[in-house]
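**Student:** Structure for the following, please:
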Amino acid sequence: MSCLKNLKVSYGCGRYFSHARVARQYRDLLRNHCQIVTEVACADIVVLHFEPHSFAALFENYPDLKGKYVVAYCVWEASELPASYSQAIRHVQEIWTCSHYCFGVFRRHHPQVHYVPHVIERETNYSDEHRESIRKRVSYDPGNFYFLTITKLWDLRKNTRALVHAFQRQRSAMPKARLIIKAGPEDVVEQSPQDGLIVLHENLTETQINALYALADVYVSPHHSEGWGLTLSDAMLFEKPTIATGYSGNCEFMNADNSWLLDFMVDYIKPEDCFYLFDSSMKWAYPSVEDLEQKLLSLYENRQAPEIHRRVHNASNHIQKFNRHSVSAILERRIMDITNSDRFSHAVARR
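**Tutor:** Below you'll find the model as predicted:
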């Protein structure tokens with residue numbers, strides 16, 4: 001039993017799906033070492049897994065936070081933080097983040113930043129009913145070859161348009177290829193189904209998503225930047241050959257020996273790619289369109305090549321370093337270091 005068994009931790013998160021999923025895993029791991037409580041007033045440590053620009057409102061709505069040791073769990077997907085983030089993180093004693101890429105970004109703005117990777121784990125089961133429902137949605141033909149990307153088209157960081165264009169430019173060389181785009185209900189795709197695109201707008205359950213991964217032959221993400229890239233690590237769990245930009249947080253678990261990394265150039269964000277809090281003062285990657293086309297075509301033409309099986313096997317082995325046991329040990333050490341720190345003693349003394 002951990003010596004932290006009497007320590008109380010409150011872990012709050014936003015409603016964004018990926019945040020909620022990751023937060024559930026971290027709560028479960030923390031529960032191995034300390035008590036998880038819902039009330040901020042009862043907690044010794046509070047973890048805020050929210051977008052940083054909401055911190056000011058949280059501290060106003062929950063005044064007990066001012067007397068707590070507060071950890072922010074944050075990610076960011078460009079070279080520089082927006083002003084709203086750099087100002088907001090001053091409210092917290094330390095920051096946890098999932099990749100060394102994000103660590104480098106936040107470390108320039110806060111003295112206490114710590115690396116806490118994600119757990120590469122999820123249920124992969126699905127029923128025959130869900131498999132058949134997905135096959136029906138995509139008009140599945142076992143003679144076709146299916147590329148898959150899971151995205152939100154409004155999120156320009158995902159660079160989905162470049163994938164669509166690259167796929168279409170190689171269509172004549174890949175007559176049996178299809179590109180499945182799992183988009184959001186609000187997304188609109190300009191191209192028609194005759195272009196070899198299959199767009200799924202509807203919300204799918206986790207088991208339906210599992211069936212979708214299982215159906216795919218290759219997963220693709222020509223992103224500009226990722227804090228981690230959950231769909232990429234999920235695809236590797238499903239033992240799918242995975243193409244992705246060789247830049248940012250996905251390089252925690254992807255390399256040239258276990259996946260297909262796209263060449264890229266780092267540049268300032270172009271005006272047409274600016275959205276949300278991403279602006280042209282920041283940099284991210286622009287993957288090579290030529291390399292993307294080449295890798296799509298290569299995996300289509302050489303689907304049974306031993307090299308593909310070798311890299312997929314390497315991926316299955318490599319991602320084991322991010323299992324629950326290893327991440328739990330990182331969290332335990334971090335919590336112990338907090339409780340032994342002067343900053344924690346001062347936070348407790350202010351109560």
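
**Student:** from here on, contacts and neighbour counts on C-alpha atoms
**Tutor:** Fine.

**Student:** now the strands: where do they sit in the stretch 251-351 of the chain?
**Tutor:** With DSSP state E, counting those that start in this stretch as the criterion, the stretch 251-351 of the chain has strands at 260-262, 264-268, 283-287.

**Student:** Can you list the low-confidence ranges for the stretch 101-250 of the chain?
**Tutor:** 189-194 (pLDDT under 70).

**Student:** Strands of that one, start to end?
**Tutor:** 113-115, 145-150, 177-182, 197-200, 218-221, 242-245.

**Student:** Return the residues in contact with the nearest residue to residue 249 once chain neighbours are set aside.
**Tutor:** For residue 249, ignoring the flanking residues on the chain, the nearest one in space by C-alpha to C-alpha, 6 or more residues apart in numbering is residue 228 at 4.2 Å. Residues near residue 228 by C-alpha atoms under 8 Å, 6 or more residues apart in numbering: 98-99, 118, 248-250, 252.

**Student:** the longest helix in this protein is where?
**Tutor:** helix 324-339 (DSSP state H).

**Student:** now it, how far from the centre of its chain.
**Tutor:** Here the centre of helix 324-339 is set off from its chain's centre by 21 Å, with C-alpha atoms, centre = their mean, to the nearest Å.

**Student:** would you put the C-alpha positions of stretch 49-64 in PDB?
**Tutor:** Only the C-alpha atoms of stretch 49-64 are listed here, as PDB (Å, rounded to 0.1, in the frame of the first residue of the first chain):
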ATOM      1  CA  HIS A  49      -7.700  19.100 -16.800                       C
ATOM      2  CA  PHE A  50      -9.200  22.000 -18.600                       C
ATOM      3  CA  GLU A  51      -8.200  24.400 -21.300                       C
ATOM      4  CA  PRO A  52      -6.000  27.000 -19.500                       C
ATOM      5  CA  HIS A  53      -8.100  30.000 -20.600                       C
ATOM      6  CA  SER A  54     -10.800  28.700 -18.200                       C
ATOM      7  CA  PHE A  55      -8.600  28.800 -15.200                       C
ATOM      8  CA  ALA A  56      -9.500  32.400 -14.100                       C
ATOM      9  CA  ALA A  57     -13.200  31.500 -14.000                       C
ATOM     10  CA  LEU A  58     -12.500  28.300 -12.100                       C
ATOM     11  CA  PHE A  59     -10.500  30.100  -9.500                       C
ATOM     12  CA  GLU A  60     -13.300  32.600  -9.200                       C
ATOM     13  CA  ASN A  61     -16.000  30.000  -9.000                       C
ATOM     14  CA  TYR A  62     -14.100  27.700  -6.600                       C
ATOM     15  CA  PRO A  63     -12.300  30.100  -4.100                       C
ATOM     16  CA  ASP A  64     -11.000  27.100  -2.200                       C
END
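
**Student:** Contacts made by that stretch with the rest, please.
**Tutor:** 11-14, 19, 23, 40-41, 65-66, 72-74, 84-85, 88-89, 91.

**Student:** I'd like the mean pLDDT over that stretch, please.
**Tutor:** Averaged across stretch 49-64, the pLDDT comes to 94.

**Student:** Counting neighbours, which bits of it end up buried?
**Tutor:** For stretch 49-64, the buried set under the neighbour-count rule, 16 or more other C-alpha atoms under 10 Å, comprises 49-53, 55.

**Student:** Quick check: residue 287 touching residue 264?
**Tutor:** Yes: the pair residue 287 and residue 264 passes the contact test of C-alpha atoms under 8 Å, sitting 3.9 Å apart.

**Student:** more crowded one of these two?
**Tutor:** Between residue 287 and residue 264, residue 287 has the larger neighbour count (other C-alpha atoms under 10 Å), namely 24 against 18.

**Student:** that older thread, rebuild the buried residues of stretch 49-64 as JSON lines, extending it with secondary structure.
**Tutor:** Shown next, in JSON lines, are those (DSSP: H, G, I helix; E, B strand; the rest coil):
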{"residue": "49", "secondary structure": "strand"}
{"residue": "50", "secondary structure": "coil"}
{"residue": "51", "secondary structure": "coil"}
{"residue": "52", "secondary structure": "helix"}
{"residue": "53", "secondary structure": "helix"}
{"residue": "55", "secondary structure": "helix"}
